[in-house]
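Q: Kindly generate the corresponding structure for this input.
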Amino acid sequence: MSRSETVWIVDDDRSIRWVLEKALQQEGMTTQSFDSADGVMSRLARQQPDVIISDIRMPGASGLDLLARIREEHPRLPVIIMTAHSDLDSAVASYQGGAFEYLPKPFDVDEAVSLVKRANQHAQEQQGLEEVPALARTPEIIGEAPAMQEVFRAIGRLSHSNITVLINGESGTGKELVAHALHRHSPRAASPFIALNMAAIPKDLMESELFGHEKGAFTGAANLRRGRFEQADGGTLFLDEIGDMPADTQTRLLRVLADGEFYRVGGHTPVKVDVRIIAATHQNLETLVHAGKFREDLFHRLNVIRIHIPRLADRREDIPTLARHFLSRAAQELAVEPKLLKSETEEYLKNLPWPGNVRQLENTCRWITVMASGREVHIGDLPPELLSLPQDSAPVTNWEQALRQWADQALARGQSSLLDSAVPSFERIMIETALKHTAGRRRDAAVLLGWGRNTLTRKIKELGMKVDGGDDDESDEG
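A: Just a heads-up that it's a prediction; the model follows:
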């Protein structure tokens with residue numbers, strides 16, 4: 001940086017202010033901290049920094065209030081919004097309010113510093129951001145995992161746009177929810193959102209569903225029928241499982257995207273429409289293109305902006321929050337008291353593979369609401385198919401929690417002297433793993449374990465381990 005940029009930090013949490021101050025000052029920036037948005041608003045009348053990084057929820061005026069004031073009076077001043085409430089509403093509200101970036105807590109300090117640098121560079125190159133209307137709430141999309149925060153950021157950035165979007169994700173990940181959110185937070189929010197699943201429509205009815213038909217176009221066509229394109233005019237058409245669209249329909253869709261008009265089945269008069277397309281698929285369209293099963297030109301028309309929805313297994317930290325949400329919703333639907341997951345049950349659910357993703361978790365919560373006898377849900381109250389999973393199919397993400405569960409179960413069985421069996425087993429596993437990583441070289445394995453070579457050799461003998469000789473066995477004996 002050619003000069004000392006000034007960064008204002010706004011947060012009612014003193015520790016956050018301190019961490020950011022030190023990190024930014026180490027990069028040669030000048031910082032000033034505020035514990036409320038009110039103080040910043042009064043100070044802006046006399047002075048303006050290069051960048052503001054602000055919390056979103058504080059006593060008094062919020063970060064969004066501050067953002068709105070800055071957009072009105074200092075539109076070129078970049079604002080980074082921080083929040084511990086890592087939800088879609090916060091992300092979209094930040095972007096729609098004109099924030100440069102959205103930073104969920106807890107954040108990586110290096111990432112925060114990098115954002116400040118980019119914000120300052122951006123301010124020197126770009127004009128101010130325009131205001132857009134306030135957003136509608138979309139509480140169905142839940143996620144604090146980093147992968148979901150990327151989805152929220154994408155929805156926020158696209159809230160100003162009518163651009164075509166392609167959503168990728170496995171079945172059950174929530175692709176239609178994201179499509180709904182893109183529509184609700186777009187300039188077309190007041191117009192229709194029409195969805196059509198390509199995999200659910202027979203091939204011979206596909207064109208009639210999409211484009212409609214004239215009266216008498218085919219046997220049974222007693223009346224004129226408007227297709228999904230006409231129904232979505234002015235709004236959004238969501239084409240789910242686009243990879244299953246037949247080749248001839250792909251050709252017609254390409255023409256509509258290029259010309260903005262089409263003919264109903266059996267019709268001779270072109271119908272003009274203004275429709276935003278959001279497509280989704282669980283398949284790899286590039287693979288289908290290479291196999292000749294999907295038109296390359298249509299792929300490029302659809303693949304303007306791509307959003308990837310993560311598997312539930314890639315956002316395990318969201319599972320307890322999602323489960324509580326689904327249990328609450330199921331309880332409302334059935335007019336019963338919501339079930340409460342025990343902590344060990346939450347941890348067990350977090351470690352399952354979830355091939356059906358969020359949809360499978362939602363169905364599991366419905367099952368629990370109906371079938372679990374008590375209000376508190378223990379591991380044994382889960383569906384039998386979840387209890388019969390092989391142990392190695394559930395990846396261990398928290399060894400301390402797994403150890404705690406083992407100890408609880410051992411004590412429940414009346415076992416005593418736990419350390420007499422646990423400590424040798426622990427040491428044996430650590431030694432075997434270290435030797436595996438060093439191809440049997442004890443000298444290197446000892447370094448990985450934080451021991452000396454002689455200590456490692458002694459432990460191997462004490463544990464009665466049969467270990468192939470490494471490249472330094474003789475020196476270990478000395």
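Q: residue ranges for the strands of this structure, please.
A: 6-10, 30-34, 51-55, 79-83, 101-104, 165-168, 193-197, 236-240, 261-262, 271-272, 276-281, 305-308, 340-341, 376-377 (DSSP state E).
Q: would a markdown table of those with mean pLDDT be doable?
A: What follows is the strands of the chain, written out as a markdown table (pLDDT from 0 to 100):
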| stretch | mean pLDDT |
| --- | --- |
| strand 6-10 | 93 |
| strand 30-34 | 91 |
| strand 51-55 | 92 |
| strand 79-83 | 88 |
| strand 101-104 | 86 |
| strand 165-168 | 96 |
| strand 193-197 | 92 |
| strand 236-240 | 95 |
| strand 261-262 | 90 |
| strand 271-272 | 92 |
| strand 276-281 | 96 |
| strand 305-308 | 95 |
| strand 340-341 | 94 |
| strand 376-377 | 91 |
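Q: now the ones you listed as JSON lines including distance to Leu361 and mean neighbour count?
A: Quick note: C-beta positions are derived from backbone N, CA and C, even for glycine. JSON lines is the format used below for the strands of the chain (distance: least, C-beta to C-beta, whole Å; neighbours: other C-beta atoms under 10 Å):
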{"stretch": "strand 6-10", "distance to Leu361": "37", "mean neighbour count": "24"}
{"stretch": "strand 30-34", "distance to Leu361": "41", "mean neighbour count": "17"}
{"stretch": "strand 51-55", "distance to Leu361": "31", "mean neighbour count": "27"}
{"stretch": "strand 79-83", "distance to Leu361": "25", "mean neighbour count": "24"}
{"stretch": "strand 101-104", "distance to Leu361": "22", "mean neighbour count": "22"}
{"stretch": "strand 165-168", "distance to Leu361": "19", "mean neighbour count": "23"}
{"stretch": "strand 193-197", "distance to Leu361": "21", "mean neighbour count": "18"}
{"stretch": "strand 236-240", "distance to Leu361": "20", "mean neighbour count": "24"}
{"stretch": "strand 261-262", "distance to Leu361": "40", "mean neighbour count": "18"}
{"stretch": "strand 271-272", "distance to Leu361": "42", "mean neighbour count": "14"}
{"stretch": "strand 276-281", "distance to Leu361": "20", "mean neighbour count": "25"}
{"stretch": "strand 305-308", "distance to Leu361": "19", "mean neighbour count": "16"}
{"stretch": "strand 340-341", "distance to Leu361": "12", "mean neighbour count": "18"}
{"stretch": "strand 376-377", "distance to Leu361": "13", "mean neighbour count": "16"}
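Q: Quick one: those strands as CSV, columns for distance to Arg226 too.
A: Compiled in CSV, these are given as follows (distance: least, C-beta to C-beta, whole Å):
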stretch, distance to Arg226
strand 6-10, 52
strand 30-34, 56
strand 51-55, 48
strand 79-83, 42
strand 101-104, 39
strand 165-168, 24
strand 193-197, 11
strand 236-240, 13
strand 261-262, 12
strand 271-272, 9
strand 276-281, 17
strand 305-308, 28
strand 340-341, 47
strand 376-377, 48
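Q: and of those, who's closest to Val92?
A: Within the strands of the chain, the stretch nearest Val92 is strand 101-104; the backing value is 8.9 Å (C-beta to C-beta).
Q: Report all helices and strands that the closest one contacts.
A: Counting contacts by 3 or more C-beta pairs under 8 Å, 6 or more residues apart in numbering; DSSP states H and E, strand 101-104 packs against strand 79-83, helix 88-96, helix 109-125, helix 146-158.
Q: What are the buried residues along the helix ranked longest in the chain?
A: Ranked by number of residues, the top helix in the chain under DSSP state H is helix 418-437. Neighbour counts using 16 or more other C-beta atoms under 10 Å place Glu427, Ile431, Ala434, Leu435 of helix 418-437 among the buried residues.
Q: what's the answer for stretch 155-163, then?
A: If you call a residue buried by 16+ other C-beta under 10 Å, then stretch 155-163 has these buried ones: Ile155, Gly156, Arg157, Leu158, Ser159, His160.
Q: Then stretch 318-331?
A: Result for stretch 318-331 [16+ other C-beta under 10 Å]: buried residues Asp318, Ile319, Pro320, Leu322, Ala323, Arg324, His325, Phe326, Leu327, Arg329, Ala330.
Q: quick check, distance from it to the centre of its chain.
A: 17 Å (C-alpha atoms, centre = their mean, to the nearest Å).
Q: what do you get for stretch 427-445?
A: Here stretch 427-445 is found 37 Å from its chain centre; the criterion is C-alpha atoms, centre = their mean.
Q: just checking, Lys350 touches Arg315?
A: No: counting by C-beta atoms under 8 Å, Lys350 does not reach Arg315; the two are 10.2 Å apart.
Q: and the chain, what are its domains?
A: What the TED database lists as the domains of the chain is 6-125, 151-215+225-308, 313-388, 416-470.
Q: Once you drop chain neighbours, what's closest to the residue nearest in space to the middle of the chain?
A: With distances taken as C-alpha atoms, centre = their mean, Met148 lies nearest the centre of the chain, 1.3 Å away. Distances taken as C-beta to C-beta, 6 or more residues apart in numbering place Arg315 nearest to Met148, at 5.7 Å, with adjacent residues excluded.
Q: just Tyr102 next, same as before
A: Counting by C-beta to C-beta, 6+ apart, Ser94 is the residue found nearest to Tyr102 once chain neighbours are left out, at 4.5 Å.
Q: shaky segments in the chain?
A: The chain contains residues with pLDDT under 70 at 1-3, 85-87, 124-140, 389-398, 400-401, 405, 408-409, 412-413, 468-478.
Q: can you pull up the bridge partners for the residue lying closest to Val79 once chain neighbours are set aside?
A: In space, and not counting its chain neighbours, Val79 is closest to Ile52: 4.8 Å by C-beta to C-beta, 6+ apart. Beta-bridge pairing for Ile52 (DSSP bridges): Trp8, Val79.
Q: Now that Ile52 has come up, it's in contact with Ile70, right?
A: Yes: contact criterion C-beta under 8 Å: Ile52 and Ile70 qualify, at 7.0 Å.
Q: who touches both of the two?
A: Common contacts of Ile52 and Ile70, defined by C-beta atoms under 8 Å, 6 or more residues apart in numbering, comprise Leu77, Val79.
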